[in-house]
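>>> Mind folding the following:
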Amino acid sequence: MRLATVLRAGAATVVAAGVALAGLGPVTSSASSHREAPLIAADPAVDNTDLYAFVSPERAGYVTFIANWQPFEEPNGGPNFFPFATDAVYLINVDSDGDAKPDAVFRWTFQNVDNRGGDTFLYANGPVTSLDDENLLFRQTYTLESSFHGEPFKTRISGAPVAPSRVGAATMPDYAKLRADANKRLPGGWNVYAGQADDPFFLDLRVFDLLYGGDLSEVGQDTLAGYNVNTIALQVPFSDVALKGDAKRNPVIGVWTTTERAKTRITGPAAAGGDIRNAERVQVSRLGNPLVNEVVVPAELKDAFNSISPDKDAGIPAVVKRVTEPELPKLIEGIYKVPAPATPRDDLTEIFLTGITTKANGPIKADLNSQLNNADVNPAGFRPSEMLRLNLGVPVTAQPSRLGVLGGDLQGFPNGRRLTDDVVDISLQAVEGAAVTGKPVAALAAGDKVDANDNAFSGEFPYLALPNTSAVNKGGGTGGGAVTGGTAGGTGASPAAENPNTKPSAFESGMGMTAVTVGTSALAAGLGAALFLGWWRRRRSPLS
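Purely as a prediction, here's the structure:
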């Protein structure tokens, strides 16, 4: 039986995660996973924003993963700026055999070194020329561990320096040096970096105003220009993540990131004790493909999606119909008069849930990035799930196309994701059926008219542009009583945007010890939608 037909029949139904990408249209321009769900929007330090996975262009036989957290970091957001959470665990997960369970897990935990005490509010009290400069009063270190095939975690590096938030030119006159010092080469050829970077995702977020104003008039502004993110970048040999270590026989991997917090959080002075790695934890954020949770997943299911692992996706019959009968192409038809493709949409099931393969008997006649294409995979163990899939065997493209596979560049999205891939425009065309017809929809060819990042990427690890330093808010708001005449000049400048990076002060939390129940264990497979939602309502505790 065709795998897509099985999905439609409900024998292997799909959770909201997969459905979300199936419904991508112009509204895919939501900022990937930037503040996509109610609970995680209130906890930005552990909010996954984007995941990238690609064959390293300058280093044959190596794959690079880049995972970002903490959306909308305004460069002027002092005095505490944007540290990684020390009471959380950050993970990159890799599935090589298609069972939607991790075969390789890379785990980061962070520690503070805070020398401010009661003497100052400053992040740094003079020019910082090195990561151990005494003028850098607040810094972080991290521990990286790895686990393969369920074996105990092994420490790869501990006490490694985090590149600090970029305060400005006076405080950090040579930030490029600080980044270089934070880039660590480990045994086995691994490269690892943790620190701040320019947000590499580019798009126009005016989508929420009736899909760019209802007439595509509100396009062309990179909403994320000027903002920074917290980045973890890792480069490892193919052999560390390919099935049986053989990337020639088994080149396809699936990747997703997660963040976990202790099931019970302790705030205040007592929070400094204990090891988060040994605590009972709950998953609070998850990200695979871009533009998933925030786009189509109903508000009631968004928090739930962040809590489950990919192997649960195929067992929750919540919104599976939106995979084969997505809503958003109908909305596009209603607003822009572009006819919605006929349903059922087996092409979207193949692109976003199984990977592209002829073994699923889908409408896309190609073998590209499904683990079913791996020679040593057991097809009986394969499970449709939402994750970013990458074929390590596709050669590096000499002339990359921003439209990836749809532009004839098989190394681009949805085969992994490179920093330069225009996932908004790609997804817009995919939802309108271009992957099957091979012809872009001319009426939507311009997309959101944001075709590249505002800052150039590097050709070497960790590839990302340095953090921005100019203020995003240049004045000139358009609300009642706003001062007009502001400019949008400077590095990464864009109009003012709401800053979500706020947390309760010590006074608001009573400067004491507060226990907050964060969550419970993963949802059982096959849980009905009603029980599923009710469980989540009971799960949430007041943050008081």
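>>> could you measure I253 against A53, distance?
Distance of I253 to A53, computed by Cβ to Cβ, to the nearest Å: 8 Å. No exception for glycine: its C-beta is placed from N, CA and C like everyone else's.
>>> Repeat that for K439.
Taken as Cβ to Cβ, the span from K439 to A53 is 28 Å.
>>> And for A180?
24 Å.
>>> When the two are compared, which one has more neighbours?
Per other Cβ atoms under 10 Å, whichever of A180 and A53 has more neighbours is A53, with 28 against 11.
>>> Centre of the chain to the host helix or strand of that one, how far?
Counting by DSSP states H and E, the element that carries A53 is strand 48-55. Computed by Cα atoms, centre = their mean, to the nearest Å, the separation of strand 48-55 from the middle of its chain amounts to 6 Å.
>>> Quick check: next helix or strand after it?
Assigned by DSSP H and E, the successor of strand 48-55 is strand 62-73.
>>> quick check: angle from the strand holding A53 to strand 62-73?
On the basis of axes from the mean of the first three to the mean of the last three Cα atoms, to 10 degrees, strand 48-55 is oriented at 160 degrees to strand 62-73.
>>> Other residues contacting strand 48-55?
Where contact means Cβ atoms under 8 Å, 6 or more residues apart in numbering, the residues beyond strand 48-55 that reach it are 31-34, 62-71, 199-201, 229, 253, 255-259, 285-288, 290, 388, 390, 392, 394, 396, 411, 416-419.
>>> now L122, nearest residue through space, not along the chain?
In space, not counting the residues next to it along the chain, L122 is nearest to L137; the distance is 6.2 Å by Cβ to Cβ, 6 or more residues apart in numbering.
>>> Count the neighbours of that neighbour for me.
Neighbourhood size, L137 [other Cβ under 10 Å]: 20.
>>> residues contacting it?
114-116, 120, 122-125.
>>> at 10 Å what do you get?
When contacts are counted by Cβ atoms under 10 Å, 6 or more residues apart in numbering, L137 touches 113-117, 119-126, 128.
>>> Which ones among those lie within helices?
Assigned to helices by DSSP state H, none of the contacts of L137 qualify.
>>> Adding neighbour count as columns, could you present those residues in TSV?
What follows is those, written out as TSV (neighbours: other Cβ atoms under 10 Å):
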residue	neighbour count
V113	14
D114	11
N115	12
R116	15
G117	7
D119	9
T120	12
F121	10
L122	15
Y123	22
A124	23
N125	16
G126	13
V128	24
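>>> Tell me where the stretch 351-500 of the chain has strands.
388-391 (DSSP state E, counting those that start in this stretch).
>>> wait, the stretch 1-150 of the chain
Under DSSP E, counting those that start in this stretch, the stretch 1-150 of the chain gives strands at 48-55, 62-73, 88-95, 104-114, 138-148.
>>> quick one, which of those is nearest to A247?
The closest of the strands of the stretch 1-150 of the chain to A247 is strand 62-73. By Cβ to Cβ, the value is 8.8 Å.
>>> just the angle between the closest one and strand 104-114, please?
Going by the same axes, to 10 degrees, strand 62-73 makes 40 degrees with strand 104-114.
>>> now strand 62-73 against strand 88-95, angle please.
140 degrees.
>>> just checking, what packs against strand 62-73?
Here strand 62-73 touches strand 48-55, strand 88-95, strand 104-114, strand 191-198, strand 228-237, strand 252-262, strand 281-287, strand 388-391, going by 3 or more Cβ pairs under 10 Å, 6 or more residues apart in numbering; DSSP states H and E.
>>> tell me which residues in stretch 450-459 are buried?
450-451, 453-455, 457 (16 or more other Cβ atoms under 10 Å).
>>> Could you provide the residues you listed in JSON lines, with additional columns for distance to E218 and pLDDT?
Listed next are the buried residues of stretch 450-459 as JSON lines, based on distance: Cβ to Cβ, whole Å; pLDDT from 0 to 100:
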{"residue": "V450", "distance to E218": "12", "pLDDT": "93"}
{"residue": "D451", "distance to E218": "16", "pLDDT": "94"}
{"residue": "N453", "distance to E218": "20", "pLDDT": "96"}
{"residue": "D454", "distance to E218": "18", "pLDDT": "94"}
{"residue": "N455", "distance to E218": "23", "pLDDT": "96"}
{"residue": "F457", "distance to E218": "27", "pLDDT": "97"}
